[in-house]
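A.B. asks: Test case, fold it:
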Amino acid sequence: MYLLGFLASYLLIRYQINEDPGLSPHEKAREARHLENLVLVIIFGVIVGGRLGYVLFYNPAYFLKHPGEIIATWHGGMSFHGGVIASAIGGWWYARKAGLDFWKWADRVIVTVPIGLGLGRIGNFINGELYGRPTNVPWAMVFPDGGLIPRHPSQLYEALLEGLLLFAILWSLRKKIWIPGTKLALFLILYGSFRFLVEFFRQPDKQLGFLLWSWVTMGQILSTLMIVAGLLLLIYLKSRASN
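C.D. replies: Got it, this is the predicted structure:
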């Protein structure tokens, strides 16, 4: 699913470069070369950041006692929030090094990210992991690791909201002439909102449970920070454009 997500993003970013009327054939070829390097940086950021995010956000006590398990990604445990942070840092570093407009490239990349998110959630569903809370809805499912209790297939909820719907929204807006970086801010706000909502149906991580008021999960805390970051980014971009 990771490979399919990276491939889809690469092809769709390449498509955006080719359809840009403001670029000459020579400029499009140059942008395509930068894209190949940038995708490698993003892949590294997603994998390393996703793992470290899980270690720090979801189970630091365990990994402090078992540091060798930090690299054992085959045992599961990746954080999308950590992957976003590391990818953004890596993308900023490459853009600065190559003399590229970070915000322009961030907008190009971010409108393709929901495809990888949707595929990842389908992978979670196939693996029977990150399942939902107990329920009696007609479409409830029994997951092998969740006991003999019907549960929400929350992975599919996330695939539809964070994947299909979010992609449909952002891809339809890709040609909008906005302040560079606006689509990135919109992604942070929308993803954070969708994830916050789905967390009400998703079983909290058993090592954490509910962190606040007997209903707030770690996913909701991180998603709230994403929404705030998106709003602050919009304010920053608007103020920078007006100066």
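A.B. asks: so where do the helices sit in the chain?
C.D. replies: 2-19, 25-58, 60-65, 80-98, 102-110, 113-127, 154-158, 166-172, 182-198, 218-242 (DSSP state H).
A.B. asks: so for the fifth one, what's the average pLDDT?
C.D. replies: I take that to be helix 102-110. Average pLDDT, helix 102-110: 96.
A.B. asks: Mind giving me the packing neighbours of it?
C.D. replies: helix 2-19, helix 25-58, helix 80-98, helix 182-198 (3 or more C-beta pairs under 8 Å, 6 or more residues apart in numbering; DSSP states H and E). The C-beta positions use only the backbone N, C-alpha and C, and glycine is treated the same way.
A.B. asks: give me that answer again for 7 Å
C.D. replies: Counting contacts by 3 or more C-beta pairs under 7 Å, 6 or more residues apart in numbering; DSSP states H and E, helix 102-110 packs against helix 2-19, helix 80-98, helix 182-198.
A.B. asks: Give me the contacts around that helix.
C.D. replies: Residues from elsewhere that reach helix 102-110 (C-beta atoms under 7 Å, 6 or more residues apart in numbering): 9, 13, 16, 38, 42, 91-92, 95, 170, 180-181, 183-184, 187.
A.B. asks: again, but for the shortest one
C.D. replies: Residues external to helix 154-158 that are found in contact with it (C-beta under 7 Å, 6+ apart): 121, 124, 125, 130, 131, 132, 198, 201, 202.
A.B. asks: Now do the contacts for the first one.
C.D. replies: Contacts of residue 121 were listed using C-beta under 7 Å, 6+ apart, and they are 155, 158, 159, 162, 163.
A.B. asks: ok, back up a step: the contacts of helix 154-158 into CSV, with extra columns for pLDDT?
C.D. replies: Output for these, formatted as CSV (pLDDT from 0 to 100):
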residue, pLDDT
121, 95
124, 93
125, 96
130, 91
131, 96
132, 96
198, 96
201, 96
202, 95
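A.B. asks: Please identify the one among these that lies nearest to residue 55.
C.D. replies: Of all the contacts of helix 154-158, residue 55 sits closest to residue 130, with 16.8 Å by C-beta to C-beta.
A.B. asks: In contact with the residue nearest the centre of the chain, which residues?
C.D. replies: With distances taken as C-alpha atoms, centre = their mean, residue 80 lies nearest the centre of the chain, 4.9 Å away. Residues counted as contacts of residue 80 (C-beta under 7 Å, 6+ apart) are residue 50.
A.B. asks: now it: how far from residue 5?
C.D. replies: 11 Å (C-beta to C-beta, to the nearest Å).
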